[in-house]
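> please work out how this folds:
(one chain, ligands or ions: 2)
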Amino acid sequence: MIITLKKDAPQAEINKLVKRFENMDLQVTMIQGANYNVFGLVGDTSKVDKKNVQANPIVTNVQRVAQPYKLANRMFHPEDTIVNVDGIQIGGKKIALIAGPCSVESEEQIVRIAEEVKECGADMLRGGAYKPRTSPYAFQGLGTEGIMDLVSAREKTGLPIVSELMSADKIDEFIENVDIIQIGARNMQNFDLLKAVGRTNKPVLLKRGLCNTIEEWIMAAEYIMAEGNMNVIFCERGIRTFETYTRNTLDLAVIPIIKERTHLPIIIDPSHAAGDYKLIESLSLAAIAAGADGLIIEVHDDPENAWSDGAQSLKPERFKDLVAKGKAIAHVVGRSL
Ligand code: PEP
Ligand code: MN
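Ligands and ions are numbered 1, 2, ... in the order given. Below you'll find the model as predicted:
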């Protein structure tokens, strides 16, 4: 619910109204910055009688928000949210570039690849230490050792690190060591995990579930935000359709839709969408043209021997070419890369 007040409403009256809503267990969010005259109500607003509120002389308008998501809703926050990760902004003019292997395989491997992707222009390093694999017999990730290898790579290159958290019992390890916590596609609706990352103030990269609608995805972000963490970055990584030529189907329409419906940044993962390194460049360039705030791309310097997702991993030299072309497209759409 959005409540608009008269410009000259006396502060004491505003406070009274706010208190009244707070007493109804509603969260009151100011919308217009320093000179508040609009606020949003989040919670069970079905108990608020619209006519009663409208009868208050300081109120000029009361509007119910039709969408089930509130804190993520652009109506509650007209400006774009820019998520800050150690000085790197996601959601601003510059498109953020995250690259690295699917899995951390050793300290030496991740440090080497971090240096290579940095050289090509990456702003951040990705690497999985806890891997959500379809088969229980497949490599499950190096765990804590992998996280510490990522920390070494950050120390050597200065690149902030992004890694996937699969279970809330590892959250302290992630709060201490990782710069962006990734919630994988398979955990997009793991509500306890969403609440747990919501109670931290770490930026969260929220991947879209394999079979989830846009509204379900935004509601997952709402879970995180409802706990107090507003640093949510959406990540489209392809959805499951009837098509089997590609690993998943990259849904680029989500970029303008997420930007219209929410104020949060959105980045694209062409690697898990395509499943094939030959398609990554085209999809990345299309994502930039469509207004993506960033890309997260799997890069490996020995894809034939990668421990996971080698077929979709770019070699550093191909990644470098992609970055050069991406810069040109970014320029055309008024961004930089
Ligand atoms: C990954 O980033 O390596 C990964 C497993 O991604 P997703 O959750 O999108 O499948
Ligand atoms: Mn992968």
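> what is the neighbour count of the closest residue to ligand 1 within the stretch 51-200 of the chain?
Taking Cβ to the nearest ligand atom, ligand 1 has its nearest neighbour within the stretch 51-200 of the chain at G184, 3.1 Å off. Yep, even glycine has a C-beta here, placed from its N, CA and C like the rest. A total of 23 residues lie near G184 under the criterion other Cβ atoms under 10 Å.
> ok, now K315?
15.
> V299 is in contact with that one, correct?
Yes: K315 is within contact range of V299, at 7.5 Å (criterion: Cβ atoms under 8 Å).
> quick check: the closest residue to V332 other than its chain neighbours vs ligand 1, distance?
If the residues on either side of it in the chain are set aside, V332 comes closest to A289, at 7.5 Å by Cβ to Cβ, 6 or more residues apart in numbering. According to Cβ to the nearest ligand atom, to the nearest Å, A289 and ligand 1 sit 22 Å apart.
> now A289: how far from L71?
Distance, A289 to L71, by Cβ to Cβ, to the nearest Å: 29 Å.
> the two: who's more crowded?
Of the pair A289 and L71, L71 is the one with more neighbours under other Cβ under 10 Å, namely 22 against 16.
> tell me which element the closest residue to that one other than its chain neighbours is part of?
Sequence neighbours aside, M225 is the residue nearest to L71 in space, at 4.0 Å (criterion: Cβ to Cβ, 6+ apart). Following DSSP states H and E, one finds M225 within helix 214-226.
> what does I3 give?
Here I3 is assigned to strand 2-5, by DSSP H and E.
> can you name the element that comes right after that strand?
helix 11-23.
> using CSV, list the CA coordinates for the helix or strand just after that next one.
Per DSSP H and E, the first helix or strand lying C-terminal to helix 11-23 is strand 27-30. Provided in CSV are the C-alpha atoms of strand 27-30 (Å, rounded to 0.1, in the frame of the first residue of the first chain):
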residue,chain,number,x,y,z
GLN,A,27,6.6,-2.0,8.2
VAL,A,28,6.6,1.6,7.1
THR,A,29,9.1,2.5,4.3
MET,A,30,9.7,6.1,3.4
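> contacts for strand 27-30, please.
Defining contact as Cβ atoms under 8 Å, 6 or more residues apart in numbering, one finds that strand 27-30 is touched by 18, 21-22, 36, 38-43, 71, 76.
> residues touching the residue of the stretch 51-200 of the chain closest to ligand 1, list them.
132, 164, 166, 207.
> redo the residues you listed as TSV? Include distance to T244 and pLDDT.
As requested, the contacts of G184 are arranged in TSV below (distance: Cβ to Cβ, whole Å; pLDDT from 0 to 100):
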residue	distance to T244	pLDDT
P132	21	96
E164	25	98
M166	27	98
K207	21	98
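> any idea which of these has the most stuff around it?
When neighbours are counted by other Cβ under 10 Å, K207 leads the contacts of G184 with 26 neighbours.
> how close does it get to ligand 2?
11 Å (Cβ to the ion, to the nearest Å).
> you'd agree that residue is up against N190?
No: using Cβ under 8 Å, K207 and N190 do not qualify as a contacting pair, with a distance of 11.6 Å.
> next, count neighbours for the residue in the stretch 51-200 of the chain positioned nearest to ligand 2.
Closest residue of the stretch 51-200 of the chain to ligand 2, Cβ to the ion: C102 (3.2 Å). Neighbour count for C102, taken as other Cβ under 10 Å: 24.
> follow-up on the earlier one: packing partners of the helix holding M225?
helix 191-198, strand 204-207, strand 232-236, helix 254-261 (3 or more Cβ pairs under 8 Å, 6 or more residues apart in numbering; DSSP states H and E).
> helices of the stretch 101-250 of the chain, start to end?
Using DSSP state H, counting those that start in this stretch, the helices of the stretch 101-250 of the chain run over 107-120, 144-157, 171-177, 191-198, 214-226.
> let me have those in JSON lines, extended by distance to ligand 1.
Converted to JSON lines, the helices of the stretch 101-250 of the chain look like this (distance: least, Cβ to the nearest ligand atom, whole Å):
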{"stretch": "helix 107-120", "distance to ligand 1": "14"}
{"stretch": "helix 144-157", "distance to ligand 1": "12"}
{"stretch": "helix 171-177", "distance to ligand 1": "15"}
{"stretch": "helix 191-198", "distance to ligand 1": "13"}
{"stretch": "helix 214-226", "distance to ligand 1": "12"}
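> mind putting those helices into a markdown table with distance to L252?
Formatted as a markdown table, the helices of the stretch 101-250 of the chain follow (distance: least, Cβ to Cβ, whole Å):
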| stretch | distance to L252 |
| --- | --- |
| helix 107-120 | 23 |
| helix 144-157 | 29 |
| helix 171-177 | 30 |
| helix 191-198 | 25 |
| helix 214-226 | 12 |
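> export the ones you listed to CSV and tack on mean pLDDT and distance to I88?
Converted to CSV, the helices of the stretch 101-250 of the chain look like this (pLDDT from 0 to 100; distance: least, Cβ to Cβ, whole Å):
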stretch, mean pLDDT, distance to I88
helix 107-120, 98, 12
helix 144-157, 98, 12
helix 171-177, 98, 17
helix 191-198, 98, 19
helix 214-226, 97, 20
